[in-house]
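**Q** here is a sequence together with a model predicted from it:
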6 protein chains.
Amino acid sequence: MFVIKIGGSLLFDDKEQINDKLISKYAKTIRNVVNETKKKCAIVVGGGKLARKYITSSRKLGASESYNDIMGIEAAKLNARLLIGALDGIAYPNPPNSFLEFQKLYNLTEKIIVCGGFQPGQSTNAVAASIAELTSAEKLVNLTDVDGVYTEDPDKNPNAKLLEEMPIDDLLELISKHETKAGQYPLFDNTAVQIIQRSKIALQFVNGSNPDNLKKALLGEKIGTLITF
Amino acid sequence: MFVIKIGGSLLFDDKEQINDKLISKYAKTIRNVVNETKKKCAIVVGGGKLARKYITSSRKLGASESYNDIMGIEAAKLNARLLIGALDGIAYPNPPNSFLEFQKLYNLTEKIIVCGGFQPGQSTNAVAASIAELTSAEKLVNLTDVDGVYTEDPDKNPNAKLLEEMPIDDLLELISKHETKAGQYPLFDNTAVQIIQRSKIALQFVNGSNPDNLKKALLGEKIGTLITF
Amino acid sequence: MFVIKIGGSLLFDDKEQINDKLISKYAKTIRNVVNETKKKCAIVVGGGKLARKYITSSRKLGASESYNDIMGIEAAKLNARLLIGALDGIAYPNPPNSFLEFQKLYNLTEKIIVCGGFQPGQSTNAVAASIAELTSAEKLVNLTDVDGVYTEDPDKNPNAKLLEEMPIDDLLELISKHETKAGQYPLFDNTAVQIIQRSKIALQFVNGSNPDNLKKALLGEKIGTLITF
Amino acid sequence: MFVIKIGGSLLFDDKEQINDKLISKYAKTIRNVVNETKKKCAIVVGGGKLARKYITSSRKLGASESYNDIMGIEAAKLNARLLIGALDGIAYPNPPNSFLEFQKLYNLTEKIIVCGGFQPGQSTNAVAASIAELTSAEKLVNLTDVDGVYTEDPDKNPNAKLLEEMPIDDLLELISKHETKAGQYPLFDNTAVQIIQRSKIALQFVNGSNPDNLKKALLGEKIGTLITF
Amino acid sequence: MFVIKIGGSLLFDDKEQINDKLISKYAKTIRNVVNETKKKCAIVVGGGKLARKYITSSRKLGASESYNDIMGIEAAKLNARLLIGALDGIAYPNPPNSFLEFQKLYNLTEKIIVCGGFQPGQSTNAVAASIAELTSAEKLVNLTDVDGVYTEDPDKNPNAKLLEEMPIDDLLELISKHETKAGQYPLFDNTAVQIIQRSKIALQFVNGSNPDNLKKALLGEKIGTLITF
Amino acid sequence: MFVIKIGGSLLFDDKEQINDKLISKYAKTIRNVVNETKKKCAIVVGGGKLARKYITSSRKLGASESYNDIMGIEAAKLNARLLIGALDGIAYPNPPNSFLEFQKLYNLTEKIIVCGGFQPGQSTNAVAASIAELTSAEKLVNLTDVDGVYTEDPDKNPNAKLLEEMPIDDLLELISKHETKAGQYPLFDNTAVQIIQRSKIALQFVNGSNPDNLKKALLGEKIGTLITF
């Protein structure tokens, strides 16, 4: 079992247009890996710019933070449906509405289950971690638009070095430094890391701009940053 | 009971941005009318530009027409959630996923139920008509970005006259002239009109750019085009 | 994937008794074809005389047209259960309550899903068409008590000729001539044909009094009328 | 809270036609009583001749006894929908599919919930008893086509006397004498009586050919046979 | 198909502690038998001391008998989850909430479905019987803490002899002698036996203190008491 | 709207017996406050010793941490049902299975909704916080077996002082000091506090050994520790 988190940042280009070419490439890569490895797979898709747009409007319209999170979840599920369409025949057609529904589907079908979010107060990263724990996944690949975890912020210090491996305790410390604001989650949020830690899930941060990186991560090649225990 | 269909064209401006000011005004208008008339109300929201965007990508990704319709339905439901957020406290928090779910909710709550679509092959206009029939609604107001039905296409003939009233048979004839393509529905589709006809629902086409028009229609003033039997 | 529509007229004899012999033969034919072809199959069963009986009473009791349609849908589902019973072991035990539920079941089981209707304002023919579209069915066989489509009404003109093939546009025209009344659908209703047309589904009208005809149609033999694009 | 069991024998005439006049009268009687007493009410409708017809066919088609019971349950639910249609506006629109669903609906709505059966191996009388227990109903009225419980079988002995009251232990003894065959339940089955007994529910057997008798029973007049503790 | 009923008495030791060693052994035995026989299997777990504890408190808190039964059902489901955890990978993760849900799951998965109860007024023995009937199970093994059915109560008469076989009519008579009190069911309750009788289910009473006995019963060895028809 | 979290530690005495007297008192207190204030109310009940017992066995049986959390959630829901039984008539009869289900119920009923947990990786404190946020609760009262938050651990330092008020930032810092192990949550976990912080929920820690303290907290009296922003 693999769990793949596709960050919302990968789904849209600079003009807020859907990056259907990349989505199509991901669908092909995932089809290939599933075919080759004969393994089950679950995918969590982020909300990205669509989520931010609808959350912004929702907030202007006076909705609560809880409701704004729901807007983000539903936007992520709409994005998830694009990938489902591209995985026609091997993906279950609807993103689950709750952890419980995911659990049921996981037990009823061999198809790929593509998720958005589950409930307010929980990032799609936490969704991915909880799914990986439930399914005793051998790997959780986290795809974003950066190459992995650096010794320092690479935007600020050009000498920052990409870490091939990182102990879970360092990840916890790194995360605790970030202030958490609603809708803005750092690399990986607290709840997610606690699940990773207690169940020792093989979490790997990979640059998702190139779908080949996903394949490398799933097949066990060194790429991005791997969390160690 | 009122049923209100808000066309997707009203929800976005020319730059694909969400028209949250108009949505906010609609929420206020609806709150006022509901307060004044003490009547129940259901709303159907269209998919608009968001639907077209996701359908276009879905089609590029190779999905079936049935699945593309589902993308449109889910986009409409995401739009519906914006209005729900703005109607906080007096609207049920989730758009129903099927006619059956609408029927259940309608019987369990006095709150406003805001819908997107129900199933492929059915426009949000048909959704609105079927809801109006189920609830024996006294009026179905259809809000779009035009003033109503004209004697001719006003874009082609500046002398075209807005019709205050239109017999249902003329509407049927008008609609049968349009060719139907997937995702592109004319003024009101065939199934919708058949329901209107068999249950003699008071259908009124109104320009929704100004929410005051909705109030006028609901309170029985002459505005737009009223279908007669 | 095959989709089979069994018209309600085939399920009852002249004395309103259930034609269990024919149902039994259908079950055997379908078991055989499924066994031989190793293909999936979905079946839509009409409401027939049971539906008309309950709709008539429902109308007398003052129910709305929407509710009367629901009576017809539930009657069709009761009929569907007879066929399910006869297909014990290879059919899913309950008719789905909505398009969404059909979609879920279709993705979770290889079993035959036997449906009645889904929602008011939609004939069981439209249900069959929408299912055929969703599942990219290679054929939709429509079984009624006539041999197919004729050049003219064979009851009025004994020289009327059965058409082996019929272009979809001719079918559309043929249908548009019929007036539509609640509960009485012609050969195939408008919504159904629009779905057939946009997704180019291989629709075949066949006389279902003899279940062998179903086998012939599924195995690609010439029988009844085939719609062409 | 009242619970009313309407025996299937009351719903059809000798020619298997729906007795819509009697159903209509029941709807009026129930509306009146609910209006006058301001009390909640649940109704259980039997399957009657429709159930027997579909069970007979189902059995011929080779279905299991469990499945045959399901046919009976669904037939009872179709009958229940007729009464629901006649109680438009004050009845919940769908018969619940399980005890659990009844319990949920009972807690969510003041409307009348009209039930058929819940699960195989359980008569609609047991359904009525379990509902009466759950809701702490002040009375369970059982309507059949006989006047109540007699000292002997009135068909065999014309001197048989109708009992105004009957101790629960006598009822238990009476029932234990009947052999139980699938689909054929005596006056009241064992499970039902055990529930009646343990929760001391005021059960009254009344002749339902005349809906006025229902009114009398609900308003506390002496009619038929009342079970005592 | 096998159906296994594990009596609640087997799940706890004298100090109300969970007998996890025995549960673990059962899980291994069931894994082995399923592997060897390639047969499907459903399990019903009783509520035992947990149920009695929560029912006692519930009754003290003033709940109805119906609600007390629900407490027992939910306690049985919590026990069922322990066995599910031990059968990780081959058991469906949640006990079904109704007969209908069991039926759906049974048709959607090859996994072992582990049940508690379904609805008030029905013992877990009746649940096991109704499941065995639905699935046309070849055997229903009933595990308790006694060796089977005796000629007399072995606690009272040390000469009581264990019956290798027992005709169903004798079982019916035996059961009718017991008084039934809420929450206290004898060997097998009335409804359960009626289902066993009408569908001629091969019911075997076996001492469950030793899981090997289950294996023997499932593989057709003589052990405990077998009901004959 | 009030949200009340009743810690599992309050539900059992030292001998693992259910503290039904305290539960009964809580039911009375809550009835009174709801009657007096005419405000809605939701309650979250912890798993306590029952949860720990079943988690311990589940872990021994080899289940995953995710599954162990589910055992804890279900145990909490069984506890919740005791309170529901005691609140008969004013509480919804089943604890919701997910945040989504809570949201639906909250919109459909005025009754008190009593919850256990929702999903693995989330404490019942986080459930309470997310519910308080969704419902814009005016107060979230957290009942445990201690008097509130102290300047130091009162077990270690007898001079530790109870804080009447505590800034949210101090609470965050206090929590970050605790190591988090599966199943063992400190005063209030991280996710819970983040929700409290972003939506400025009036959180109050109160000693729940005396139900009067709950009443004081709900009516605005100074008791325990109030978190300030």
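**A** Yep, that arrived. All figures in this text were calculated on a predicted structure; none of them were measured in a lab.
**Q** take the host helix or strand of A:A42, keep the C-alpha atoms, and write them as CSV.
**A** Here A:A42 is covered by strand A:41-45, with elements defined by DSSP states H and E. What follows is strand A:41-45 as a C-alpha-only set of coordinates in CSV (Å, rounded to 0.1, in the frame of the first residue of the first chain):
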residue,chain,number,x,y,z
CYS,A,41,-2.8,3.0,-3.5
ALA,A,42,-4.7,5.9,-2.0
ILE,A,43,-4.2,9.5,-3.0
VAL,A,44,-5.0,12.8,-1.2
VAL,A,45,-5.3,15.9,-3.3
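**Q** what's that strand packed up against?
**A** Under the contact criterion of 3 or more C-beta pairs under 8 Å, 6 or more residues apart in numbering or on different chains; DSSP states H and E, strand A:41-45 touches strand A:2-6, helix A:20-37, helix A:65-86, strand A:113-115, helix A:124-134. (Each C-beta comes from the backbone N, C-alpha and C, glycine too.)
**Q** and the shortest one, what other elements does it pack with?
**A** Counting contacts by 3+ C-beta pairs under 8 Å, 6+ apart, the secondary-structure elements packed against strand A:113-115 are strand A:41-45, helix A:65-86, helix A:99-108, helix A:124-134.
**Q** now look at the last one and say if it contacts chain F.
**A** Yes: shown here: helix A:124-134 in contact with chain F (C-beta under 8 Å from any C-beta of the partner chain) through A:126, A:129-130, A:133-134.
**Q** looking at these, which is nearest E:S209?
**A** Distance ranking of these against E:S209, using C-beta to C-beta, places A:L134 first at 33.9 Å.
**Q** check contacts around the closest one.
**A** Neighbouring residues of A:L134 by C-beta atoms under 8 Å, 6 or more residues apart in numbering or on different chains: A:99, A:102-103, A:106, F:64, F:66-67, F:120.
**Q** where does pLDDT dip in chain A?
**A** A:177-187 (pLDDT under 70).
**Q** before we move on, the earlier item: quick check: which of the helices and strands packed on strand A:113-115 is nearest to E:R52?
**A** Using C-beta to C-beta, the helices and strands packed on strand A:113-115 put helix A:99-108 closest to E:R52, at 28.6 Å.
**Q** just give me how far the closest one sits from the chain centre.
**A** Taking the mean C-alpha point of helix A:99-108 and that of its whole chain, the gap between them comes to 18 Å (C-alpha atoms, centre = their mean, to the nearest Å).
**Q** quick check: angle from it to strand A:41-45?
**A** Interaxial angle of helix A:99-108 relative to strand A:41-45 (axes from the mean of the first three to the mean of the last three C-alpha atoms, to 10 degrees): 150 degrees.
**Q** helix A:99-108 and chain B, any residue contact?
**A** No: contact between helix A:99-108 and chain B is absent, the nearest approach being 12.8 Å (criterion: C-beta under 8 Å from any C-beta).
**Q** may I see the buried residues of that helix?
**A** For helix A:99-108, a neighbour-count test (16 or more other C-beta atoms under 10 Å in any protein chain shown) marks A:99-108 as buried.
**Q** what is it packed up against?
**A** Partner elements for helix A:99-108 (3+ C-beta pairs under 8 Å, 6+ apart): strand A:113-115, helix A:124-134.
**Q** what angle do that helix and helix A:124-134 make?
**A** Going by the same axes, to 10 degrees, helix A:99-108 makes 40 degrees with helix A:124-134.
**Q** kindly export helix A:99-108 (C-alpha atoms) in PDB.
**A** Once non-C-alpha atoms are left out, helix A:99-108 reads as follows in PDB (Å, rounded to 0.1, in the frame of the first residue of the first chain):
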ATOM      1  CA  PHE A  99     -12.400   8.900   7.600                       C
ATOM      2  CA  LEU A 100     -15.100   6.200   8.300                       C
ATOM      3  CA  GLU A 101     -16.200   6.300   4.600                       C
ATOM      4  CA  PHE A 102     -12.600   5.900   3.500                       C
ATOM      5  CA  GLN A 103     -12.200   2.900   5.800                       C
ATOM      6  CA  LYS A 104     -15.300   1.300   4.400                       C
ATOM      7  CA  LEU A 105     -14.200   1.800   0.800                       C
ATOM      8  CA  TYR A 106     -10.700   0.600   1.500                       C
ATOM      9  CA  ASN A 107     -12.200  -2.600   2.700                       C
ATOM     10  CA  LEU A 108     -14.700  -3.000  -0.200                       C
END
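**Q** ok, and what's touching it?
**A** Residues contacting helix A:99-108 (C-beta under 8 Å, 6+ apart): A:42, A:92, A:96, A:113, A:115, A:118-119, A:127, A:130-131, A:134-135, C:108, E:92-94, E:108-109, E:111, F:97-98, F:118-120.
**Q** what subset of the residues you listed is buried?
**A** Using 16+ other C-beta under 10 Å as the burial test, the contacts of helix A:99-108 include A:42, A:92, A:96, A:113, A:115, A:118-119, A:127, A:130-131, A:134-135, C:108, E:92-94, E:108-109, E:111, F:97-98, F:118-120 as buried.
**Q** one step back: reformat the helices and strands packed on strand A:41-45 as a markdown table; add distance to E:I227.
**A** Output for the helices and strands packed on strand A:41-45, formatted as a markdown table (distance: least, C-beta to C-beta, whole Å):
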| stretch | distance to E:I227 |
| --- | --- |
| strand A:2-6 | 49 |
| helix A:20-37 | 49 |
| helix A:65-86 | 51 |
| strand A:113-115 | 44 |
| helix A:124-134 | 41 |
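**Q** quick one: which of those is nearest F:F2?
**A** helix A:65-86 (16.6 Å).
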